[in-house]
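>>> Please work out how this folds:
(chains A and B, ligands or ions: 1)
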Amino acid sequence: MKYIDEFRDGDSARHIADKIAAEVKPDLAYNFMEFCGGHTHAISRYGIADMLPPNVRMIHGPGCPVCVLPIGRVDLAIRLALERGVILCTYGDTMRVPASNGLSLIKAKARGADIRMVYSAHDALKLAEQHPDREVVFFAIGFETTTPPTALVLRDAKARGLRNFSVLCCHVLTPAAITHILASAEAREIGTVPLDGFIGPAHVSIVIGSQPYVPFAQTFHKPVVITGFEPMDVMQGILMLVRQVNSSRAEVENEFSRVVTPTGNLAAQQIMAEVFELRESFEWRGLGEVPTSALKIRPEFATWDAERKFELVYASVPDHKQCECGAILRGVKRPQDCKLFGTVCTPESPMGSCMVSNEGACAAHYSYGRFRDLALVNKGPTASNSIAT
Amino acid sequence: MCLAIPARVVEILPGQRAVVDLGGVRKEVSIDLVADAQVDDYVIIHVGYAIGKIDPEEAQRTLALFAELSEAQNSPQPLSVMGEVL
Ligand code: SF4
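Numbering: from 1, shown residues only, chains lettered A, B, ... in the order given. You can find the predicted model right below:
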């Protein structure tokens, strides 16, 4: 496909790998966090970790929206569907996120709850129009990429006076989470790894632009390179980070200039600002309460806010004791460090959220990386052959 | 679920909607967030909404950089200027 295949060329990726190998300084450690689950997926799928010198390490960040959704939020959605009889609509990946009492949305559906998977927020709105006698709630999750569509349907619902529709808003913000990883005392207490740079989100940055990362890069003196999701993009982004570290720079650079601009999509930002305002604090799985890191629906749209309409009260629920998702989301542990990985916890029956979406660190490692851990598998002299072409 | 893919706009429909072609598959999406999208533009589609447009010149520039990198590998002289291009 155009604008995909050209960025998957194996030879070019190997050339970039050679450049990285030639430019890294053997006495330096390069710990880079890829914030976005899309990058985690690409790094596992194309064997990018195998193409890097041993002192360049990629660390999974908390940028998978399904992985960071806390149990308590899924519980709210399940209760709406099971106890309040609403039609609950949500994106596919959300359906399998483990919640309290061994439940998930998909298991609640098996118990008779009316839960429907939608591809788009628009489909949820259409359902409300088709069922005027039922309450339809859209369980909205995601970063700045999925937020503008939610804002648009809220605006439309208000414009049409569609009173049987509401949104359970769980939208979270990227820059706040990145800052939190480096800035907060709690994050330091619960443990983080030293980070030398960030691969900045691709599609989130289409919406917010590259500018919001500038204060972050300056304050923490950490380089950020906004990078596309194709393997060559990721390799090039890593090369750009290596060069910044080598020259002690901490700038925001944009590898993904074919879609990301400094100011981003202004129409999308405008509709977000019209419909949402900052939440004082929001719980993230693995990061705890993060101040000003999420959005809530403005009072003007209260009629369409499921939290107000159904008087929902949020309660935090701890993760399964043996699940290491929290540590994985903070970059301090790897999926293979979890006792449940690949045995009790698999993509078919996930115990933790990182095993649910194919952008989650555990699911990505389960699908593409786990055979590398087996001593029997010969990695071969040129591990870089693993790049897909 | 953050993944989005490039698609070509093949038809603009009323109500800020459009038909796009995703590698041979046609789909109706919203272009409310990229109101200036035209037929033959490439847009990034995410959860049924176009969220941005691909700039063909910038895409070409990035690909040219990769091509330069390959040539540099094969030539005896390293091109030290490449890092400054992006
Ligand atoms: S393997 Fe499962 S239980 Fe363990 S950290 Fe990953 S998602 Fe959590």
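
>>> Spell out for me which residue occupies the centre of the chain.
By default, I'm working from chain A. When chain A is reduced to its mean C-alpha position, the closest residue under CA atoms, centre = their mean turns out to be A:Cys64, at 1.9 Å.

>>> that's the wrong chain, I meant chain B
Residue closest to the average C-alpha location in chain B (CA atoms, centre = their mean): B:Ile54, at 3.4 Å.

>>> which residue sits closest to that one in space, ignoring its chain neighbours?
B:Tyr42 (4.1 Å; CB to CB, 6 or more residues apart in numbering or on different chains). (C-beta placed from N, C-alpha, C; glycine too.)

>>> for that neighbour, which residues make a bridge with it?
B:Tyr42 has the following beta-bridge partners by DSSP bridges: B:Arg8.

>>> name the element A:Ile178 belongs to?
Element membership for A:Ile178 (DSSP states H and E) is helix A:174-183.

>>> that older thread, list the residues that contact the residue nearest to B:Ile54.
A:2-3, B:6-9, B:53-54, B:56 (CB atoms under 8 Å, 6 or more residues apart in numbering or on different chains).

>>> same deal with A:Val153?
So A:Val153 contacts A:121-122, A:124-125, A:138, A:165, A:167 (CB under 8 Å, 6+ apart).

>>> What segments of chain A are strands?
A:30-36, A:56-63, A:87-90, A:115-117, A:136-142, A:165-171, A:197-200, A:224-226, A:252-254, A:276-278, A:281-284, A:288-291, A:295-297 (DSSP state E).

>>> which neighbours does the second one have in its sheet, and in what orientation?
With DSSP bridges as the test, strand A:56-63 is paired with strand A:30-36 (parallel).

>>> ends of stretch A:98-117, how far apart?
16 Å (CA to CA, to the nearest Å).

>>> ok, how many other residues are close to the residue of chain A found nearest the ligand?
Nearest to the ligand, among the residues of chain A, is A:Gly352, at 2.3 Å (CB to the nearest ligand atom). Using other CB atoms under 10 Å in any protein chain shown, A:Gly352 is surrounded by 28 other residues.

>>> ok now do it, which residues does it touch?
Contacts for A:Gly352 were tallied using CB under 8 Å, 6+ apart; they are A:98, A:319-320, A:323-325, A:338, A:340, A:345, A:362.

>>> tell me which of these is nearest to A:Gly286?
Closest approach between the contacts of A:Gly352 and A:Gly286, by CB to CB: A:Cys325, at 5.9 Å.

>>> contacting residues around the closest one?
So A:Cys325 contacts A:67, A:285-286, A:319, A:352-354, A:362 (CB under 8 Å, 6+ apart).

>>> Flag the shaky bits of chain B, pLDDT-wise.
For chain B, applying pLDDT under 70 flags the ranges B:1-3, B:69-86.

>>> Report the buried residues of stretch B:36-48.
B:37, B:41-48 (16 or more other CB atoms under 10 Å in any protein chain shown).

>>> From start to finish, how long is stretch A:302-312 in a straight line?
Start-to-end, stretch A:302-312 (CA to CA) is 13 Å.

>>> who touches it?
With CB under 8 Å, 6+ apart as the test, stretch A:302-312 has contacts from A:76, A:79-80, A:84, A:137, A:154, A:157-158, A:163, A:165-169, A:296-297.

>>> 6 Å instead, please
Here stretch A:302-312 makes contact (CB atoms under 6 Å, 6 or more residues apart in numbering or on different chains) with A:76, A:137, A:154, A:157, A:166-168, A:297.

>>> Around the ligand, pick out the residues from chain B.
Residues of chain B lying close to the ligand (CB under 6 Å from any ligand atom): none.

>>> okay, the residue nearest to the centre of chain A: pLDDT?
pLDDT, A:Cys64: 83.

>>> pretty sure it contacts A:Cys36?
No - with contacts defined as CB atoms under 6 Å, A:Cys64 does not count as touching A:Cys36, sitting 7.8 Å away.

>>> and the helix holding A:Ile178 with strand A:56-63, angle?
Here helix A:174-183 runs at an angle of 120 degrees relative to strand A:56-63 (axes from the mean of the first three to the mean of the last three CA atoms, to 10 degrees).

>>> all strands for chain B, in order.
According to DSSP E, the strands that chain B contains are B:5-13, B:17-22, B:25-30, B:42-46, B:49-53.

>>> which of the residues in the third one are buried?
Okay, so that is strand B:25-30. B:29-30.

>>> ok so, going back, out of the contacts of A:Cys325, name the ones that lie in helices.
Using DSSP state H, the members of the contacts of A:Cys325 that fall in helices are A:Cys362.

>>> need the contacts of A:Cys325 in a markdown table with pLDDT, can you?
Shown next, in a markdown table, are the contacts of A:Cys325 (pLDDT from 0 to 100):
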| residue | pLDDT |
| --- | --- |
| A:Cys67 | 85 |
| A:Arg285 | 84 |
| A:Gly286 | 76 |
| A:Asp319 | 82 |
| A:Gly352 | 86 |
| A:Ser353 | 85 |
| A:Cys354 | 88 |
| A:Cys362 | 90 |
